[in-house]
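Trainee: Got a predicted structure plus its sequence, pasted below:
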Amino acid sequence: MIRSSIIEMLWLVPLIVVSALIYVRLAPAKAEDWHVDPLSAAPPGPSGVLVRPADGDILPVEHAVAPEDLLRHLDAIILATPRTRLFAGSLAGGRLTYVTRSRVFGFPDYSTVAVAGAGDNSAPVILARARFGRSDIGVNRARVTRWLQALEQAG
């Protein structure tokens, strides 16, 4: 009697895990929750990284290029990242938000990108954060660091 109850309960574990994975993949996300201005957003804490002048986790490098050109170049770098797509915004609007999903479980991370500066001087401003969990174990920082390195290598 007890043994059959335990076996029945063991069937619940895979069902719960599969249900959670389906939720992670299909949970709706509202653009207004994730497409926020990275210049004025609160720091993400251990679930992400913030690149901006003054109070960011990473201080951005200034580039001798017009802001719209820097944003266009950064957009190309980000869209070349595996499992990444544009979620909200536009180049014309000056702010873009992307969703990048983890390889195995499909956890979504949201990265909002803008550019600070004017004329021929500009710097990237990026807010990257995990949707689920309290910590992203450094995944967003590593991804954003790769983007910034690619931007610097391109000149």
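Mentor: Sure thing, it's come through.
Trainee: Residue 145 touches residue 60, doesn't it?
Mentor: No - the criterion here is C-beta atoms under 8 Å, and residue 145 misses it with residue 60 at 11.8 Å. For every residue, glycine as well, the C-beta is placed using N, CA and C.
Trainee: Tell me which of these two has more neighbours.
Mentor: The neighbour comparison of residue 145 against residue 60 (other C-beta atoms under 10 Å) goes to residue 60, with 19 against 14.
Trainee: quick one, what contacts that one?
Mentor: Residue 60 makes contacts with 51, 52, 53, 116, 123, 124, 125, 126, 148, as judged by C-beta atoms under 8 Å, 6 or more residues apart in numbering.
Trainee: For the fourth one, name its beta-bridge partners.
Mentor: Here residue 116 shows beta-bridge partners residue 123, assigned using DSSP bridges.
Trainee: contacting residues for it?
Mentor: 39, 52, 53, 60, 67, 122, 123, 124, 125.
Trainee: With distance to residue 20 and pLDDT as added columns, please give those in CSV.
Mentor: Formatted as CSV, the contacts of residue 116 follow (distance: C-beta to C-beta, whole Å; pLDDT from 0 to 100):
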residue, distance to residue 20, pLDDT
39, 35, 94
52, 33, 95
53, 39, 88
60, 36, 94
67, 41, 95
122, 41, 95
123, 39, 96
124, 34, 97
125, 33, 98
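Trainee: out of those residues, who has the most neighbours?
Mentor: Going by other C-beta under 10 Å, residue 124 tops those with 27 neighbours.
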